[in-house]
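[1] build me a model from this:
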Amino acid sequence: MVSAEFLSNAILEGMVYDKTTPQGIVYAASLSYPHTDLYVPVAITITADGKMSMVKEDLMEEVYISGE
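    Numbering: from 1, shown residues only. From the prediction side, this is the model:
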């Protein structure tokens with residue numbers, strides 16, 4: 001999803017509730033590289049039994065441009 005170097009230095013910057021799905025509760029979050037404008041948007045899903053999964057999301061601008 002991201003390079004090991006980026007992940008070892010990244011911080012979780014912001015996490016907000018997005019939606020509830022049959023798979024679990026989904027949060028929108030950003031992994032940011034400190035002191036830069038670099039970030040990776042991710043969706044974090046927490047299942048009813050407490051398991052977590054994380055998926056890289058497309059950049060927000062692409063969602064707004066396509067009208068989805």
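[2] which residue ranges of this structure form strands?
    11-21, 24-32, 39-46, 52-56 (DSSP state E).
[3] within its sheet, name the partner strands of the first one and how each one runs.
    Strands adjacent to strand 11-21 in the sheet, as given by DSSP bridges, are strand 24-32 (antiparallel).
[4] mind listing what's buried along the partner strand?
    24, 26-32 (16 or more other C-beta atoms under 10 Å). Yep, even glycine has a C-beta here, placed from its N, CA and C like the rest.
[5] for the closest residue to Asn9 other than its chain neighbours, which residues are in contact?
    Closest residue to Asn9 apart from its sequence neighbours, by C-beta to C-beta, 6 or more residues apart in numbering: Tyr33 at 6.1 Å. Contact partners of Tyr33, counting by C-beta atoms under 8 Å, 6 or more residues apart in numbering, are 6, 9-10, 39.
[6] distance-wise, check the residue nearest the centre of the chain relative to Lys51.
    Centroid-nearest residue in the chain: Val42, 1.5 Å away (criterion: C-alpha atoms, centre = their mean). Per C-beta to C-beta, to the nearest Å, Val42 is found 16 Å from Lys51.
[7] need the strands of the chain in CSV (columns: mean pLDDT).
    Below are the strands of the chain laid out as CSV (pLDDT from 0 to 100):
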stretch, mean pLDDT
strand 11-21, 92
strand 24-32, 93
strand 39-46, 92
strand 52-56, 91
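[8] hmm, Ile46 is touching Thr21, no?
    No: using C-beta atoms under 8 Å, Ile46 is not in contact with Thr21; the gap is 10.8 Å.
[9] neighbour count: these two, which is higher?
    Ile46 (14 against 10; other C-beta atoms under 10 Å).
[10] so what's that one bridging to?
    Those that pair with Ile46 in a beta bridge, by DSSP bridges, are Ile25, Met52.
[11] what distance do you get for the residue nearest to Asn9 to Glu57?
    17 Å.
[12] check Val26 too.
    10 Å.
[13] number of residues surrounding Glu5?
    Neighbours of Glu5 (other C-beta under 10 Å): 9.
[14] good, wrapping up.
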